[in-house]
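Undergrad: Okay, predicted coordinates and the sequence, questions at the end:
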Amino acid sequence: NAGLRAAQGEWVALLDADDYWMPEKLAEQWAVVQQFPDIGLVTGNYFFDQAGKRGINAYDAPSTGYERLPKSALTPTAVRVTIADLSAQLAQGNAWLGLNSSAVLFRKADALAVGGYDTSLSRLEDMEFFGRLLPTFSAIALVATPLVAYRWHGANSTHHHAQMAECHVRFREMVLQTPS
């Protein structure tokens with residue numbers, strides 16, 4: 001939250017300490033923001049990096065539900081997804097978006113308006129934050145190009161399966177509260 005408050009720009013991009021961006025990440029996302037200012041958040045595909053070896057792209061994994069999301073093309077690599085459509089897919093258990101903190105770009109004011117991150121959480125505070133942030137938008141953009149490398153190692157919070165399952169249920173419930 002200190003970083004959010006200190007940020008000088010209107011938009012914020014995050015980078016977890018163990019992830020890394022592709023050189024084109026910000027340019028691709030910024031192009032979407034410039035062309036479609038009504039989009040509240042731009043996220044991007046990412047791939048798993050395990051000990052320097054490139055693995056599967058997140059949007060290719062069936063568990064993200066990317067293929068089942070109703071979407072409309074914005075650019076050759078970006079699509080628009082309404083929060084109502086996302087909510088409908090979440091209600092059916094079909095999607096969780098594969099959100100990755102290092103892959104998002106959002107307005108600082110929007111993040112501060114929902115209270116930033118819950119500092120009482122020691123894990124998965126990003127998913128809880130997105131669960132509060134996403135319902136404030138009518139639509140978000142997803143860039144299909146892998147823009148981030150998610151380093152996969154034994155210390156990842158995603159290895160805590162019970163906590164991850166609980167967080168995904170909470171995230172789903174938060175987004176489902178979105179008015180139609």
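TA: Happy to help now that I have it.
Undergrad: bridging residues for the residue nearest to W21 when sequence neighbours are not counted?
TA: Residue nearest to W21 in three dimensions, not counting chain neighbours: V148, with 5.7 Å by CB to CB, 6 or more residues apart in numbering. Backbone N, C-alpha and C define where each C-beta goes, glycine included. Beta-bridge pairing of V148 under DSSP bridges involves W21, Y46.
Undergrad: V148: neighbour count?
TA: 24 (other CB atoms under 10 Å).
Undergrad: quick one: it and P23 touch, right?
TA: No. Applying CB atoms under 8 Å, one finds V148 not in contact with P23, separated by 11.5 Å.
Undergrad: Tell me who's in contact with the residue nearest to W21.
TA: For V148, the contacting residues are D19, Y20, W21, M22, K25, G44, N45, Y46, F47, N100, S102, A103, by CB atoms under 8 Å, 6 or more residues apart in numbering.
Undergrad: Quickly note the distance from it to G44.
TA: 6 Å (CB to CB, to the nearest Å).
Undergrad: same deal with L4?
TA: 20 Å.
Undergrad: the more surrounded of those two?
TA: The residue with more neighbours, out of L4 and G44, is G44; 28 against 15, by other CB under 10 Å.
Undergrad: The residue nearest to that one when sequence neighbours are not counted and S120, how far apart?
TA: Ranked by CB to CB, 6+ apart and with sequence neighbours excluded, the top spatial neighbour of G44 is L147, at 3.6 Å. Applying CB to CB, the value for L147 to S120 is 30 Å.
Undergrad: Between the two, point out the one with more neighbours.
TA: Counted by other CB under 10 Å, L147 and S120 do not tie: L147 has more neighbours, with 26 against 7.
Undergrad: Assess the claim that the more buried one and F47 are in contact.
TA: No. Assessed by CB under 8 Å, L147 is found out of contact with F47, at 9.3 Å.
Undergrad: one step back: tell me, what's touching V148 and G44 both at once?
TA: Common neighbours of V148 and G44 (CB under 8 Å, 6+ apart) are K25, A103.
Undergrad: residues contacting L74?
TA: V32, Q35, F36, I39, R80, A141.
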